[in-house]
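1. show me how the following folds:
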Amino acid sequence: MNQNNCLDIFDCKLDLTTLESQMLQEEQIDCPVIHRFGPGIYIREVFIPAGTLAIGHTQKTEHLNIMLKGRVAMLNDHGDLEEIVAPHIYVGQPGRKIGYISEDMVWLNVYSTNERDIEKLERTYLDKSPLVEAQIKHVSRFMDNQDYKKVLEEYGFTEETARSQSENTEDQTDFPFGGYKVSVSTSDIEGKGLFATGNIKNGEEIAPARLDGKRTPAGRYTNHSISPNAKMVVRGEDVFLVATKDIKGYSGGFIGEEITINYRQSLNLQLGGKICPE
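-> Numbers count the residues shown, from 1 in each chain. Here you go, the predicted structure:
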């Protein structure tokens, strides 16, 4: 794509809020996010396909940027158009970027931190647009909530007991180091839930749910649904969350589908001590 065509797209007289509002009326593109953790480091990896005009979230801090793959025409902080070709590494400043991706792109935002709570990380480093937040929609969960109450009744729990067990922090642990396509966010079902940030295939292992007798965020925040898209699987002494359907991740900046299980299946594992067949 030549520079004149890029400038036609990047109309500098059009502010980002107006442009974003117009873009949200168009079909949104899958842009899966993988969260990677290592000792003292958090990496937010995003894939954006060629042919996409993308507006990023506002970055709050100075941090390392690594473009592993691709080619993008981007407006810099001075309003000038520049082309970036992978591999490219630089220290990014606070602010927001807009770019046209002409070749499939893999971009890493690298942060120095020991935090592994993705919701806290995104709140710390990103300022998400109110327009995007207002566009996040979830299917009504009335039937899920009603079925959840049936589960409690069937297994002899009260809502107070279930909430107390859920909020117990003594048996919780972080995800181990690695990469995960999930994030904890506000749920339409109940409180917080576990959401896909990247596309997850049917049968794919999503994350560990219980390790050494302690619940990870996947074990703590995965909500109940009458039509779940995942299940719990026991392997040895540990429990893992596994997809039972294809689950959609980030698309056009919107967080993906909520990951859910049927609590009956999970409770039967715990109470029966049986391994769920894969």
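2. helices of the stretch 101-250 of the chain, residue ranges please.
-> Taking DSSP state H, counting those that start in this stretch as the test, the helices found in the stretch 101-250 of the chain are 118-125, 130-135, 142-155, 159-167, 217-221.
3. then the shortest one to PDB, C-alphas only?
-> Extracted as PDB, the C-alpha positions of helix 217-221 are listed here (Å, rounded to 0.1, in the frame of the first residue of the first chain):
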ATOM      1  CA  PRO A 217      -8.000 -18.300  38.300                       C
ATOM      2  CA  ALA A 218      -9.500 -20.900  36.000                       C
ATOM      3  CA  GLY A 219     -10.700 -22.900  39.000                       C
ATOM      4  CA  ARG A 220     -11.800 -19.800  40.900                       C
ATOM      5  CA  TYR A 221     -13.600 -17.700  38.200                       C
END
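4. give the other helices and strands that that helix contacts.
-> strand 182-186, strand 192-196, strand 205-211, strand 238-243 (3 or more CB pairs under 8 Å, 6 or more residues apart in numbering; DSSP states H and E). For glycine as for every other residue, the C-beta is placed from the backbone atoms N, C-alpha and C.
5. so in that sheet, which strands flank the first one, and in what orientation?
-> Taking DSSP bridges as the criterion, strand 182-186 forms sheet pairs with strand 192-196 (antiparallel).
6. flag the shaky bits of the stretch 1-150 of the chain, pLDDT-wise.
-> 1-28, 76-79, 129-143 (pLDDT under 70).
7. switch the cut-off to 50
-> For the stretch 1-150 of the chain, the stretches with pLDDT under 50 are 1-14, 132-140.
8. on that earlier part again, quick one, which of the helices of the stretch 101-250 of the chain is nearest to I189?
-> Evaluated over the helices of the stretch 101-250 of the chain, closeness to I189 peaks at helix 142-155, with 5.3 Å, by CB to CB.
9. hey, which of the helices and strands packed on helix 217-221 is tucked in deepest?
-> Here the criterion is mean neighbour count by mean count of other CB atoms under 10 Å, and of the helices and strands packed on helix 217-221 the winner is strand 192-196, at a mean of 23.
10. grab the longest strand from this protein for me.
-> The longest strand of the chain (DSSP state E) is strand 98-112.
11. that one: partners in the sheet, and parallel or antiparallel?
-> strand 41-48 (antiparallel), strand 52-55 (antiparallel), strand 63-75 (antiparallel).
12. of all the helices and strands packed on helix 217-221, which one comes closest to Y148?
-> strand 192-196 (12.4 Å).
13. picking up where we left off before, as a markdown table, the helices of the stretch 101-250 of the chain with mean neighbour count and distance to F175 would be great.
-> A markdown table is the format used below for those (neighbours: other CB atoms under 10 Å; distance: least, CB to CB, whole Å):
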| stretch | mean neighbour count | distance to F175 |
| --- | --- | --- |
| helix 118-125 | 17 | 9 |
| helix 130-135 | 12 | 25 |
| helix 142-155 | 14 | 25 |
| helix 159-167 | 11 | 18 |
| helix 217-221 | 23 | 6 |
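14. nearest to D104, out of these?
-> Nearest to D104, of all the helices of the stretch 101-250 of the chain, is helix 130-135, at 22.7 Å by CB to CB.
15. re earlier: output the helices and strands packed on helix 217-221 as TSV; include the columns distance to E170 and mean pLDDT.
-> Shown next, in TSV, are these (distance: least, CB to CB, whole Å; pLDDT from 0 to 100):
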stretch	distance to E170	mean pLDDT
strand 182-186	19	92
strand 192-196	18	94
strand 205-211	14	96
strand 238-243	18	96
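16. for T197, which non-adjacent residue is closest in space?
-> Nearest in space to T197, with sequence neighbours left out and distances taken as CB to CB, 6 or more residues apart in numbering, is V33 at 4.0 Å.
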